[in-house]
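Student: Structure, please.
(one chain, ligands or ions: 1)
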Amino acid sequence: MSETYTRGQKILHWLLAVLVLFWLLISGQLAESAEGDQKGMILMFHSGGALIIFALMTWRYVKRRKNLVQPLSALKP
Ligand code: HEM
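Tutor: Coordinates of the predicted model:
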């Protein structure tokens, strides 16, 4: 069991935090408010990006299972 998360895990964590917030707050509103010719393009971006987010989350989960980290000793179990 290791002491800390790897650099890759930390990067993935913050990348996903930013992406999910962007998708919730901005991309969703763009998808909802788009009209006409633009709509298809924006929905493709919104849905495709969401699939990339899902793939990154799955990757993060696999890394999390492979690299077990000790709980913080200062916290009660
Ligand atoms: C990380 C994943 C996703 C997040 C956080 C997200 C978030 C949102 C949000 C906040 C809205 C606006 C909803 C509203 O205010 O009514 C929205 C709309 C929408 N999303 Fe997503 N979404 C995600 C994934 C997807 C995926 C995978 C698809 C399709 C395969 C999709 C298709 C749509 C569609 C069709 C709309 C509505 C557009 C309209 O009103 O015409 N979303 N999404």
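Student: list the contacts for the one residue in the chain that gets nearest to the ligand?
Tutor: Closest to the ligand within the chain is Gly28: 2.0 Å, counting by CB to the nearest ligand atom. Placement of C-beta: from N, CA and C, glycine included. For Gly28, the contacting residues are His46, by CB atoms under 8 Å, 6 or more residues apart in numbering.
Student: give me the element it is part of.
Tutor: Taking DSSP states H and E as the criterion, Gly28 maps to helix 28-33.
Student: Report the buried residues of that helix.
Tutor: Ala31 (16 or more other CB atoms under 10 Å).
Student: Can you name the element that comes right after it?
Tutor: Counting by DSSP H and E, what follows helix 28-33 is helix 37-66.
Student: which other helices and strands contact that next one?
Tutor: helix 7-22, helix 28-33 (3 or more CB pairs under 8 Å, 6 or more residues apart in numbering; DSSP states H and E).
Student: Could you check the angle the first one makes with helix 37-66?
Tutor: Put plainly, it is helix 7-22. 150 degrees (axes from the mean of the first three to the mean of the last three CA atoms, to 10 degrees).
Student: For the helices and strands packed on helix 37-66, give me TSV that also has distance to Met44 and mean pLDDT.
Tutor: What follows is those, written out as TSV (distance: least, CB to CB, whole Å; pLDDT from 0 to 100):
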stretch	distance to Met44	mean pLDDT
helix 7-22	16	98
helix 28-33	10	96
